[in-house]
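1. For reference, the sequence and a predicted model appear below.
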Amino acid sequence: MKKEKRQKMCLEIIDQFEQLLEKKDISIPCEDSAEEKERHDGGNNARIYGAEYWRLEDGIHKILEQEDSDNTK
């Protein structure tokens, strides 16, 4: 799978998480208090924000890359 397709797929997966959290009225709090403040200062309604978002995105990318690697063997 090309890098661009992996990125698009990753964003679609995160969007599914965001939609579920929105329906359940759940927000994942930021570990970093500065990020949590920044998140709410701008009226941002993202359910996953900051380092937590980036860790999730990174984890999904690694899974997709591993899947690609496994499929080429």
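-> Looks like it came in fine.
2. got the residue ranges for the helices in this structure?
-> 3-23, 33-41, 51-71 (DSSP state H).
3. what residue ranges in the chain are flagged as low confidence?
-> For the chain, applying pLDDT under 70 flags the ranges 1, 73.
4. count of residues packed around residue 58?
-> Residues near residue 58, counting by other Cβ atoms under 10 Å, number 11. In short, each C-beta sits where N, CA and C put it, glycine included.
5. How about residue 56?
-> 16.
6. repeat for residue 62
-> For residue 62, using other Cβ under 10 Å, the count is 10.
7. State the phi and psi torsions of residue 28.
-> Main-chain torsions, residue 28, degrees, to the nearest 10: phi -80, psi 120.
8. need the contact list for it.
-> 21, 47, 48, 49, 52 (Cβ atoms under 8 Å, 6 or more residues apart in numbering).
9. Now tabulate those residues in a markdown table and tack on neighbour count.
-> Conversion of these to a markdown table gives the following (neighbours: other Cβ atoms under 10 Å):
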| residue | neighbour count |
| --- | --- |
| 21 | 15 |
| 47 | 20 |
| 48 | 18 |
| 49 | 20 |
| 52 | 18 |
